[in-house]
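Peer 1: pasted the sequence and its predicted model underneath.
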Amino acid sequence: MNIAALNLRQAIMYKMQGSDANDVQETITDAIASGQEKTLPGLGVLFEVLWQNSDQAARQSMVQTIADHLPKQANPPV
């Protein structure tokens, strides 16, 4: 496999194809529980699917929830 040619979105969608709601929930729960940086792109792709399939009211609710729960001040990453 040519890693430079890898389409990450396509790879994640391929891996998730045929998943039901329980599979998706388990994937999200496991990714968050693991705390591994490598799971973040997959969560991003799933969020993109959610965003693209949500109406404006749902999007505004998501944005507000995220904004409400971001830290007021965070430590530098390194």
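Peer 2: Yep, it's here. The model shown is predicted, which means the values in this text are computed figures rather than measured ones.
Peer 1: for Gln17, phi and psi?
Peer 2: Here the main-chain torsion angles of Gln17 (degrees, to the nearest 10) amount to phi -50, psi 140.
Peer 1: what sits against it?
Peer 2: Shown in contact with Gln17 (CB atoms under 8 Å, 6 or more residues apart in numbering): no residues. (Each C-beta comes from the backbone N, C-alpha and C, glycine too.)
Peer 1: from Val49, how far out is it?
Peer 2: Counting by CB to CB, to the nearest Å, the separation of Gln17 from Val49 is 12 Å.
Peer 1: now do Gly35
Peer 2: Using CB to CB, Gly35 is found at 22 Å from Val49.
Peer 1: the two: which is more packed in?
Peer 2: Legend: neighbour count by other CB atoms under 10 Å for Gly35 and Val49, higher for Val49 (14 against 7).
Peer 1: number of residues surrounding Thr27?
Peer 2: 18.
Peer 1: could you find the closest non-adjacent residue to the residue nearest in space to the middle of the chain?
Peer 2: Centroid check for the chain by CA atoms, centre = their mean gives Leu43 as the closest residue, at 1.9 Å. Closest residue to Leu43 apart from its sequence neighbours, by CB to CB, 6 or more residues apart in numbering: Ala31 at 5.4 Å.
Peer 1: and the contacts of stretch 32-52?
Peer 2: The contact list for stretch 32-52 (CB under 8 Å, 6+ apart) reads Leu8, Arg9, Ile12, Met13, Met16, Val24, Thr27, Ile28, Asp30, Ala31, Arg59, Met62.
Peer 1: report the buried members of these.
Peer 2: Among those, the ones that count as buried by 16 or more other CB atoms under 10 Å are Ile12, Thr27, Ala31.
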